[in-house]
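> attaching a predicted model along with its sequence, questions to come.
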Amino acid sequence: MKEIFEWDRLLFNELPGVFLLEVIFRSAVMFTILLLTLKLAGKRGVKQLSIFETVIIIALGSAAGDPMFYEDVGIVPAIIVFAVIMILYRTVTWLTGKSKKFEEFIEGKTECLIQDGKFSLSSFKKETLAQDEFFSELRVKSIEHLGQIKHAFIEPSGEVSVFYYPDEEVGYGLPILPALFIEKSKIIPTDGTYSCSFCGHTEKQKAGTAKCKVCQKEEWVASINTKRIT
């Protein structure tokens, strides 16, 4: 029975100290192979990754890691794994260039999330991006309310692209600053311009209660029309 804190086993896994030299050699070889493989994969591999490219990176990392320090994992089988992954990568890349449907299946497609200062509800239902997460993405871009946005898209990479209204065209919109958005209520306190907290539809409302004409929800937030500060 093995004892706990058996230092030779814990630190060296009962391998001779000279095996560390082999670990150094294995790591250098696999690092070089991984570097050359990513170089062949192209520049996009080191920018925003699609789901497919993320799978490739994970597969390469797994194939590279084990031969670096496992005595019973040879370098040659790992190189074969690398070769197979790169063949599959090139094959899928070629197929995405030949078939638009296959490209959309593998890479995904751009979806419009905001159209003319309001949420595009059909696109939002398709995406897994939560409203709070999306608001956070917009606030990072110095956006205070949806009235500042003409169009917003979520790209296949997961990045959010935003096209703004010029200052003179900014209208009232749903505020996304936490201190303002948290004031949403089913009771409209006074007459004024309000935005639906669910879809962003904005219109003048009288004090009391009201249903949104677009989504039929009943929670409202007082709209703002501040210009962007850049």
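Great, that's in hand.

> going by C-alpha atoms from here, please, whenever you check contacts or count neighbours.
Noted.

> so where do the strands sit in this structure?
For the chain, applying DSSP state E gives strands covering 111-115, 118-119, 149-154, 160-164, 192-196, 202-205, 220-222.

> in JSON lines, list those strands along with mean pLDDT, mean neighbour count and distance to residue 101.
JSON lines is the format used below for the strands of the chain (pLDDT from 0 to 100; neighbours: other CA atoms under 10 Å; distance: least, CA to CA, whole Å):
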{"stretch": "strand 111-115", "mean pLDDT": "88", "mean neighbour count": "20", "distance to residue 101": "15"}
{"stretch": "strand 118-119", "mean pLDDT": "89", "mean neighbour count": "21", "distance to residue 101": "26"}
{"stretch": "strand 149-154", "mean pLDDT": "92", "mean neighbour count": "21", "distance to residue 101": "18"}
{"stretch": "strand 160-164", "mean pLDDT": "92", "mean neighbour count": "17", "distance to residue 101": "22"}
{"stretch": "strand 192-196", "mean pLDDT": "95", "mean neighbour count": "22", "distance to residue 101": "36"}
{"stretch": "strand 202-205", "mean pLDDT": "94", "mean neighbour count": "18", "distance to residue 101": "36"}
{"stretch": "strand 220-222", "mean pLDDT": "95", "mean neighbour count": "27", "distance to residue 101": "40"}
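
> can I get these in TSV with distance to residue 103?
Putting these into TSV (distance: least, CA to CA, whole Å) gives the following:
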stretch	distance to residue 103
strand 111-115	15
strand 118-119	26
strand 149-154	16
strand 160-164	20
strand 192-196	36
strand 202-205	37
strand 220-222	40
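
> to residue 80, which of these lies closest?
strand 149-154 (36.8 Å; CA to CA).

> and that closest one, C-alpha only, in PDB?
Provided in PDB are the C-alpha atoms of strand 149-154 (Å, rounded to 0.1, in the frame of the first residue of the first chain):
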ATOM      1  CA  ILE A 149     -27.900  52.200 -31.800                       C
ATOM      2  CA  LYS A 150     -29.100  51.800 -35.400                       C
ATOM      3  CA  HIS A 151     -27.900  48.200 -35.800                       C
ATOM      4  CA  ALA A 152     -26.200  45.600 -33.600                       C
ATOM      5  CA  PHE A 153     -25.000  42.200 -34.800                       C
ATOM      6  CA  ILE A 154     -23.600  39.200 -33.200                       C
END
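
> which strands border it, and is each parallel or antiparallel?
Sheet pairing for strand 149-154, assigned by DSSP bridges, gives strand 111-115 (antiparallel), strand 160-164 (antiparallel).

> nearest to residue 200, out of these?
Going by CA to CA, the one of those nearest residue 200 is strand 111-115, 9.2 Å.

> what does that closest one contact?
With contact meaning CA atoms under 8 Å, 6 or more residues apart in numbering, strand 111-115 is reached by 119-121, 123-124, 149-155.

> quick revisit: want to throw the strands paired with strand 149-154 into CSV with distance to residue 87?
Shown next, in CSV, are those (distance: least, CA to CA, whole Å):
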stretch, distance to residue 87
strand 111-115, 30
strand 160-164, 31
